[in-house]
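build me a structure from this.
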Amino acid sequence: WSGFRQTQMRPNANLEIANALPRGWTLPSIPYIFSSRIMSSFARFASQLDVGAVLAGPVMAADALPKLTQLLAESSDAQLQLDVLRGLSDALKGRRTAPMPAGWEAVETKLAESANGEVRTLTQTLSLTFGSPRARTALRATAADTTAEAGARRTALESLLAIRDAELPKLLQALVGDPAVRGLAVRGLAAFDDAGTPAAILGVYPQLAAAERRDALNALASRVAFAKPLLTAVAAKQVPKADLTADLVRQLRGLKDEGLRADLTKLWGVMKETSPDMEAEIARMKKVYWAGGSTPGDAPRGRVVFNKVCGQCHHLFDTGGNVGPDITGANRGDLDYLLQNILFPNAVIPNEYRASTIETKDGRVVMGVVKSQDTTAFTVQTATEVVTIPKAEVDKVEESDQSMMPEGLLAQLPETEIRDLLYYLTRPGQVPLPK
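The predicted model follows:
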């Protein structure tokens, strides 16, 4: 083992190990910890490389990856299989496709019968990445099967979304009416520029739950071609105007289409990106709040407003999102503090909450916080989900001087809802939802 550790000091150590493995190599006499560390090392090594180039390269194509595929084909040790599969999965993270290693078809057939569920799942996911028609067909069938277990259907859809399966848009559009998977189906449609998407989503919008409506609106606000039918539906009162919260309006404005901006101004009003006088605005809002009397608002009703306006991004007590900071421990009892942060979110913006706008080559616009990036992909936290976007699909990235939290959150709320929200936010503990 000490000899193996010493090889890790050399850049090509893992390649040397791979090349040194004899044909038919197995691990029956070597402790599991050794095999596990070898596979972990392979994973680290592979994750530092361009896998497409690795598979096409003269040395690796002839040796290392086929060696790993050979191990999978010849080993009956489920744990060893998991080590290899996890390493390959980590190495391919953020890539839609990769060339299939020699011998993979046999591995796919063998491991599809494994008694270990994770082995089967990882094999199928990797087979998708390697372009296996069998894997695509099987996963499409699982996703569409209303008698299948909901978790299995969602996993199938997630795998197909990860590779941008060309046949997926029509399937997703059909699934927006299926309660078991429609949240994922609606979110997934944003990734495809398909003309049938707006009608499919808007057709089921009245039946959607609150969280699903949020997903639907985010999907429709991701492309100019989707946003225009959305605003038409709002104008026709098929989608309530109140559902277009300030952050969605800013997302729509971020599409940079003058026609959309004009329609938004007619429907929603002017959205100011620069704040009015801070002290005067806080004083005005405090006057609105205290107009409610000694008990200005209703906390349970305020929790409902919080869930609609704030809960997608902020965690409070036992619920909410993780886009912005957890506000449970914030100085919520201080009304001035609350109003300053709600009315003027751009006054002080920590770098970890600075918004970025990513435009893809096929016209999608994603606004969110870039949580991480590597040589292959961006990982972006949006208001509703974490999205991985391969860099090869990105046209432009712009970091904003604005917070993810937009100004104007209170502007479209009735005064009673403003009072209820602020009263709820100042409570020391969670309150029940209204009956």
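
show me the contacts for Val386.
The contact partners of Val386, by Cβ atoms under 8 Å, 6 or more residues apart in numbering, come to 371, 379-380. In short, each C-beta sits where N, CA and C put it, glycine included.

any idea how far it lies from His314?
For Val386, the distance to His314 equals 16 Å [Cβ to Cβ, to the nearest Å].

then Asp374?
Computed as Cβ to Cβ, the Asp374 to His314 distance reads 28 Å.

likewise Glu118?
When Cβ to Cβ is the yardstick, Glu118 and His314 sit 34 Å from each other.

quick one: Gly297 is in a strand?
No. Counting by DSSP: H, G, I helix; E, B strand; the rest coil, Gly297 is not part of a strand but coil.

go through the contacts of Val386 and name the one nearest Ser76.
Nearest to Ser76, judged by Cβ to Cβ, of the contacts of Val386 is Thr379 at 35.9 Å.

doesn't that closest one fall inside a strand?
Yes. With three-state DSSP as the criterion, Thr379 is assigned to a strand.

wait, it touches Pro390, no?
No. Contact between Thr379 and Pro390 fails when scored by Cβ atoms under 8 Å: they sit 10.9 Å apart.

which residues sit in contact with Arg354?
Under the criterion of Cβ under 8 Å, 6+ apart, the neighbours of Arg354 are 369, 399-404.

hang on, the earlier thing: make TSV out of the contacts of Val386 and add distance to Thr123, neighbour count and pLDDT.
As requested, those are exported to TSV (distance: Cβ to Cβ, whole Å; neighbours: other Cβ atoms under 10 Å; pLDDT from 0 to 100):
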residue	distance to Thr123	neighbour count	pLDDT
Lys371	29	14	90
Thr379	25	17	93
Val380	28	22	94
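
my read: Gln251 touches Met367, true?
Yes. Counting by Cβ under 8 Å, a contact exists between Gln251 and Met367, whose distance comes to 5.3 Å.

immediately after the helix or strand of the chain with the lowest mean pLDDT, which helix or strand?
The helix or strand of the chain with the poorest confidence is helix 58-62; it has a mean of 39 (mean pLDDT, DSSP states H and E). Next helix or strand after helix 58-62 toward the C-terminus (DSSP states H and E): helix 64-74.

buried residues in the helix or strand that that next one is followed by?
Tracing the chain C-terminally past helix 64-74 and defining elements by DSSP H and E, one meets helix 78-91 next. By neighbour count on 16 or more other Cβ atoms under 10 Å, the buried set for helix 78-91 is 80-89, 91.

likewise stretch 288-300?
The neighbour-count check on stretch 288-300 (16+ other Cβ under 10 Å) flags 289, 292, 296-299 as buried.

span of it from start to end?
19 Å (Cα to Cα, to the nearest Å).

gap between it and the chain center?
On the basis of Cα atoms, centre = their mean, to the nearest Å, stretch 288-300 sits 37 Å off its chain's mean C-alpha point.

do stretch 207-227 as well
Here stretch 207-227 shows a centroid-to-chain-centroid distance of 15 Å under the convention Cα atoms, centre = their mean.

same check on stretch 320-335?
The gap between where stretch 320-335 is centred and where its chain is centred comes out at 22 Å by Cα atoms, centre = their mean.

which positions within that stretch qualify as buried?
Of the residues in stretch 320-335, 320-321, 323-325, 327, 332, 335 count as buried by neighbour count, 16+ other Cβ under 10 Å.

do stretch 200-220 as well
By neighbour count, with 16+ other Cβ under 10 Å as the criterion, the buried positions of stretch 200-220 are 200-202, 204-205, 208, 212-220.

ok, stretch 96-116 next?
For stretch 96-116, the buried set under the neighbour-count rule, 16+ other Cβ under 10 Å, comprises 98-101, 104, 107-108, 110-111, 114.

swap in stretch 423-432?
If you call a residue buried by 16+ other Cβ under 10 Å, then stretch 423-432 has these buried ones: 423-427.

next one: stretch 233-243
Of the residues in stretch 233-243, those buried under the neighbour-count criterion (16+ other Cβ under 10 Å) are 233-234, 239, 243.

same question, stretch 398-409
Taking 16+ other Cβ under 10 Å as the basis for neighbour counts, the residues of stretch 398-409 that come out buried are 402-409.

equivalent analysis for stretch 182-195, please.
By neighbour count with 16+ other Cβ under 10 Å, stretch 182-195 contains the buried residues 182-194.

chain center to that stretch, what's the gap?
In this view, stretch 182-195 has its centroid 12 Å away from the chain centroid, taken as Cα atoms, centre = their mean.

ok, now stretch 161-177?
Worked out by Cα atoms, centre = their mean, stretch 161-177 lies 16 Å from the chain centre.

what's it in contact with?
Contacting residues not belonging to stretch 161-177 are listed as 96-97, 125, 128-129, 136, 140, 143-144, 157, 160, 181-182, 184-186, 188-189, 191-192, 194, 196-197, 200-201, 203-204, 207, 388 [Cβ under 8 Å, 6+ apart].

just the helices in the stretch 1-150 of the chain please.
Assigned helices in the stretch 1-150 of the chain, in chain order: 2-7, 13-20, 32-47, 51-56, 58-62, 64-74, 78-91, 104-111, 117-129, 133-144, 150-162 (criterion: DSSP state H, counting those that start in this stretch).

state the mean pLDDT of the longest one.
What that stands for is helix 32-47. pLDDT averaged over helix 32-47 equals 42, rounded to a whole number.

please renumber so the chain begins at 54
Yes, from this point I'll number from 54; that puts the last item at helix 85-100.

okay if I get the contacts of Arg407 as JSON lines plus distance to Ile395?
Putting the contacts of Arg407 into JSON lines (distance: Cβ to Cβ, whole Å) gives the following:
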{"residue": "Val422", "distance to Ile395": "19"}
{"residue": "Glu452", "distance to Ile395": "23"}
{"residue": "Ser453", "distance to Ile395": "19"}
{"residue": "Asp454", "distance to Ile395": "19"}
{"residue": "Gln455", "distance to Ile395": "15"}
{"residue": "Ser456", "distance to Ile395": "11"}
{"residue": "Met457", "distance to Ile395": "14"}
